[in-house]
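Trainee: need a structure here:
(one chain, ligands or ions: 1)
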Amino acid sequence: MTTARIIDFIKTRRPEGPCLVVDLDVVRDNFHAFRHALPNSAIYYAVKANPAPEILTLLAGMGSNFDCASVAEIQMALDAGATSDRISFGNTIKKERDVARAFALGIDLFAVDSHEEVEKVARAAPGARVFCRVLTDGEGAEWPLSRKFGCVPQMAVDVLVYAHQMGLESYGVSFHVGSQMMNLDAWDAALGDAKRVFASLAKQGIHLQMVNMGGGFPTKYLRDVPAAEEYGHAIDTALRKHFGNQIPKTIIEPGRGMVGNAGVIKAEVVLVSRKSDNDNHRWVFLDIGKFGGLAETMDEAIRYPIRTERDEDAMELCVLAGPTCDSADVLYEKNMYPLPVSLTIGDEVLIEGTGAYTTTYSAVAFNGFEPLKSYVI
Ligand SMILES: *Cc1c(COP(=O)(O)O)cnc(C)c1O
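Mentor: As a prediction, the model looks like this:
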């Protein structure tokens with residue numbers, strides 16, 4: 001969403017080079033929308049989506065909690081004013097010494113998905129609360145998280161029994177349906193799995209208290225996405241269906257859905273050319289590409305809206321690429337991108353919906369290009 005404030009900032013400040021501009025008013029609106037859509041769930045902002053201090057400070061002040069994947073992210077959340085009881089160490093892959101550091105900082109909530117990880121937490125954070133992540137199939141997600149995180153539900157039961165035996169508090173179950181999830185039913189299947197883990201453990205006298213429903217809430221790129229309210233309704237229905245009148249505490253961890261539409265990248269056309277005299281398609285090269293922050297165009301997964309000052313002119317499909325000397329640095333080629341025929345070298349382009357997963361994905365000086373600059377207004 002290119003807000004008037006963002007346009008005004010770019011016009012008056014004329015920042016040199018590609019940069020991300022984030023409008024905090026949009027982040028604030030997104031936070032309210034989540035709170036309104038899921039009033040009974042605690043919000044844990046997924047810091048990795050955009051850890052700009054201004055965003056963390058705003059969210060901390062609004063009462064958000066934080067999902068962190070490293071000690072550095074935990075420190076950022078603390079610096080932004082969150083207390084340690086509002087922070088979860090949600091990565092299932094942690095060094096034992098980082099678990100110890102987090103525990104020393106007061107963190108008491110850890111993700112696990114294996115016996116081995118339970119042992120680390122039991123040694124380095126004795127008595128802490130743990131939740132076990134279960135696998136989901138990622139069906140319907142535009143940026144699926146594959147099988148890297150989580151274990152099958154039956155194994156989650158064993159992991160949580162083991163955690164209990166190791167003196168930890170077996171606290172709950174987590175899942176992540178896959179990022180940019182367009183299918184409202186995804187939470188239903190995952191909540192069914194979570195309920196089965198709850199029931200198996202209850203038979204063994206272990207009473208879980210919490211379901212961490214992860215992220216996956218989409219942001220609008222080119223296609224419309226269901227509103228937060230629709231997600232809230234689908235999740236609420238699924239919770240009642242599976243847990244009846246014993247609904248546990250719930251957490252959501254929005255990343256993309258909290259900040260994606262709050263940011264716009266300003267970039268510039270460096271070259272428009274063709275590969276032969278009779279080439280049907282132009283190649284448009286920008287001063288930003290896969291290594292400058294647009295990594296989620298990998299396999300052309302995320303398709304960003306792009307605006308130019310010539311959008312009234314006729315459009316023609318073109319290949320869109322970044323500026324580095326790596327042939328992988330092509331954004332859209334299999335599925336070419338319509339841009340104005342009149343687009344020319346030096347033109348400014350605005351890449352919308354880039355508030356999440358851009359600054360943190362940009363390389364440090366690959367080919368000498370600076371990491372993506374960011375302004376939070
Ligand atoms: C990345 C991540 C999130 C955020 O996911 P989005 O799809 O951006 O909302 C939430 N929880 C965990 C554990 C994550 O790794």
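Trainee: Next to the ligand, which bits of the protein? Give me the list.
Mentor: 46, 48-49, 67, 90, 176, 179, 214-217, 253-257 (C-beta under 6 Å from any ligand atom). In short, each C-beta sits where N, CA and C put it, glycine included.
Trainee: hmm, try it at 5 Å
Mentor: Proximity of the chain to the ligand (C-beta under 5 Å from any ligand atom) is limited to residues 46, 90, 179, 214, 215, 216, 253, 254, 255, 256.
Trainee: what sits against the last one?
Mentor: The contact partners of residue 256, by C-beta atoms under 8 Å, 6 or more residues apart in numbering, come to 49, 179, 180, 215, 217, 218, 219, 356, 357.
Trainee: If you tally nearby residues, what's the number for the residue nearest to the second one when sequence neighbours are not counted?
Mentor: In space, and not counting its chain neighbours, residue 179 is closest to residue 143: 3.9 Å by C-beta to C-beta, 6 or more residues apart in numbering. Residue 143: 18 surrounding residues under other C-beta atoms under 10 Å.
Trainee: Also residue 52?
Mentor: Residue 52, neighbours per other C-beta under 10 Å, totals 23.
Trainee: and residue 148, what pLDDT?
Mentor: At residue 148, the pLDDT value in this model is 88.
Trainee: residues contacting it?
Mentor: So residue 148 contacts nothing (C-beta under 8 Å, 6+ apart).
Trainee: a strand runs through it, doesn't it?
Mentor: No - per DSSP: H, G, I helix; E, B strand; the rest coil, residue 148 lies outside any strand segment and is coil.
Trainee: Quick check: phi and psi on it?
Mentor: phi -70, psi -40 (degrees, to the nearest 10).
Trainee: do you know how far it is from residue 29?
Mentor: 32 Å (C-beta to C-beta, to the nearest Å).
Trainee: Also residue 375?
Mentor: 19 Å.
Trainee: if we can go back for a sec, which of the contacts of residue 256 sits closest to residue 300?
Mentor: Nearest to residue 300 among these, counting by C-beta to C-beta, is residue 180 at 13.3 Å.
Trainee: Between the two ends of stretch 216-230, what distance do you get?
Mentor: Stretch 216-230 has an end-to-end distance of 14 Å (criterion: C-alpha to C-alpha, to the nearest Å).
Trainee: And for residue 303, the neighbour number?
Mentor: The burial count for residue 303: 17, using other C-beta under 10 Å.
Trainee: got a list of what it touches?
Mentor: 221, 222, 297, 332, 335, 337.
Trainee: How about the secondary structure of it?
Mentor: coil.
Trainee: which ones among the residues of the chain next to the ligand are found in strands?
Mentor: Assigned to strands by DSSP state E, the following of the residues of the chain next to the ligand qualify: 46, 179.
Trainee: now the residues of the chain next to the ligand in CSV, with pLDDT?
Mentor: Below are the residues of the chain next to the ligand laid out as CSV (pLDDT from 0 to 100):
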residue, pLDDT
46, 98
90, 98
179, 92
214, 97
215, 96
216, 95
253, 98
254, 98
255, 98
256, 97
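Trainee: and the closest residue to residue 86 other than its chain neighbours, what are its bridge partners?
Mentor: Once flanking residues are discounted, residue 86 sits nearest to residue 65: 4.2 Å by C-beta to C-beta, 6+ apart. The partner list for residue 65 in beta bridges (DSSP bridges) reads residue 44.
Trainee: Okay, residue 65 and residue 282: tell me how far apart.
Mentor: Distance from residue 65 to residue 282, by C-beta to C-beta: 47 Å.
Trainee: Check residue 40 too.
Mentor: Taking C-beta to C-beta, one finds residue 40 at 52 Å from residue 282.
Trainee: So the two - more neighbours on which side?
Mentor: More neighbours surround residue 282 than the other of residue 40 and residue 282, with 19 against 11 (other C-beta under 10 Å).
Trainee: so what's that one closest to, chain neighbours aside?
Mentor: Leaving out its chain neighbours, the residue that sits closest to residue 282 by C-beta to C-beta, 6+ apart is residue 318, at 4.3 Å.
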